[in-house]
Structures are given as structure tokens and as C-alpha cells.
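# Provide a 3D model corresponding to the input given below.
(one chain, ligands or ions: 1)
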Amino acid sequence: MDSMKHNGRVSDWFPEYPVMSTLRPSYPRGPWHYKDMHQLIVTYESTAEAVRAVVPRPLQPAEGNRVTIEWRNMTDVSGFGPYVEIGHSVACTFEGKPVIYVFQAFLNSESPTLAGREILGFPKRHGEPELKAVREVLTGTLSYGGTQVALATMPYRMVDLSDRLAEIEQELQTTQLVLKLLPDVDNHTPKVAQLVKVNLYDVRLKGAWGGPAELFMVPHVGCPVAALPVVRVLEGRQHLWDMTLNDGEVVYDYLEAERR
Ligand SMILES: CC(=O)CC(=O)O
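This is a model prediction of the structure:
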């Protein structure tokens, strides 16, 4: 084929790695600096059956079927601007060490959704998450096409955890893993199937608060947050923090393991 005759170097056309669409890339290159992220995290116990259904091998669910759903108000992010994101994760172990496996995420902005999916393999989808103080209650909601599917509430900055900032800052850096899955152009063969560790840099926790929390989720086929049902809520937390995202590391390659 004629088009195969050139030396095939993408860098002949693009000085930096190209991102689709090339005329106006859908996201800027990182690193992306996050300032004053306000986070609401609800940790709950789900059922063993529901947890097992979303955790891929070689990950193992940790004791207690612990699941977290978190709202992040990204108030000031270089390259992306402000947006809101929900991450839904299961506490697991990988090679005997504790990790957090993020199995779904919902965002209200295209650019970080595409960057997260294409580069790191974050399972990001479009949704309408919101996080705001409603009177004295920090209120996280998620709607999908206008239908509310999740509601999390906790008292706004009730129990000050300033004396535990160092410990919680460490906790925030627990290894986060995602499953990057991309099909080949034949729409059949897997092209990428990797467990990816998401690297967090320059983590700085500026405030942390605890307190009781409530969580309600509605079954919805398009937005299956209720697929991991709440058996009981364990903890509510609010964090104010900074961090930088840029890259990840492949910790397990399923296609390579198959070839061995
Ligand atoms: C690049 C990303 O993955 C951004 C995010 O986590 O919102």
C-alpha cells in the first residue's frame, strides 16, 4: 500500500504526541495540577456477591466488602478547568498489599473524561454529579439524564480531624488501580487489557473532617451505582486537598500473561 511507504514516524507531523482530534485535541497534556479539591467520601459495606462481581483477578477483595463512593469538586485544575467527578471503588489486595480498585466513575466534563480513559484507563462515563453544602449538610448527588441515582449527605465540617492530617494524607496515597480495556479496530480482539496504577504526586491535605453519613442509591441500568448495594454505612469524610496527576504504571498485563 502506498501509504505504508513513508517512514511512518508520527513525530514528522506532530512535535508532541498527538491526541484526537489533531486540529483541536480533546485534552491538554499533563501534568494536571489540582488545587483545593473538596471531596466527600462515604465508605460502606456491600455484599460479598456484588463485590466479587466487579473485582477482576488477580485482585482480591479485602476483608469486609468495603466500598467507597466519593464526590470530588475539582475547583481549580490546570488544563481541565473546574469539574465534578464521582469515583466508585472497592478495597482490594494486590500481591498481598492493600489497594483501591476504581471500577466506575462519572464526570460532568468531556476533557478529563477522555484523558482519564485514553491515557490511564479510568472507567469514566458522563453523568451529572454535584457536591454542595445545602444549609448545614454537605450533599452529593448524581443524576443520569436528569434522573437522580445517588444521594450522599453528611454534616458540613462537623468533626475536625486536623490532628490526623499526616495519617489521612498517607491514606489518600493508597495505591489506586484501574482496568484499562481497549478493543482493536476489528471490534473484537482486545488490544489493551492492563491493570494500571495511577500515580499521585505532590499530595497535600489541607483539611479533613469526619461525621455520620447517609447514602441512598437507585437501581438504574445506565448508571449502575446501586449494583453495589449498601449493607451499612461505615464512615463519612470530607477532605480539602491538592495533588498532581500525570501518568500511570502497568502492574499487570492480561494479554502478556495469556501469551506466556
Ligand atoms: C486525567 C484524569 O484521569 C482526570 C481525573 O481523574 O479526573
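
# partner residues bridging the residue of the stretch 151-260 of the chain found nearest the ligand?
The nearest approach of the stretch 151-260 of the chain to the ligand comes at residue 245, 5.3 Å away (CB to the nearest ligand atom). From N, CA and C alone the C-beta is placed, and that goes for glycine too. With DSSP bridges as the criterion, residue 245 is bridged to residue 32, residue 200.

# pull the number of nearby residues for it.
Per other CB atoms under 10 Å, the neighbour tally for residue 245 reads 23.

# which residues touch it?
By CB atoms under 8 Å, 6 or more residues apart in numbering, the residues touching residue 245 are 30-32, 34, 198-201.

# now these in TSV, with distance to residue 176 and pLDDT?
Output for the contacts of residue 245, formatted as TSV (distance: CB to CB, whole Å; pLDDT from 0 to 100):
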residue	distance to residue 176	pLDDT
30	16	92
31	16	97
32	15	98
34	14	98
198	5	98
199	9	96
200	7	98
201	13	98
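
# surely residue 162 touches residue 209?
No: contact between residue 162 and residue 209 fails when scored by CB atoms under 8 Å: they sit 9.0 Å apart.

# please identify which of those two sits among more neighbours.
Each of residue 162 and residue 209 has its neighbours counted (other CB under 10 Å); residue 209 has more, 20 against 11.

# might one say that that one is in contact with residue 157?
Yes: using CB under 8 Å, residue 209 makes contact with residue 157 at a distance of 4.5 Å.

# any common contacting residues for these two?
The contact sets of residue 209 and residue 157 overlap at residue 238 (CB under 8 Å, 6+ apart).

# dihedrals phi and psi, whichever residue of the stretch 101-250 of the chain sits closest to the ligand?
Relative to the ligand, the nearest point of the stretch 101-250 of the chain is residue 116 (2.8 Å; CB to the nearest ligand atom). Backbone torsions for residue 116, taken as degrees, to the nearest 10, come to phi -60, psi -40.

# residues from the stretch 1-150 of the chain in reach of the ligand?
Within the stretch 1-150 of the chain, the positions adjacent to the ligand are 85, 112, 115-116, 120, 122 by CB under 6 Å from any ligand atom.

# all set, thanks.
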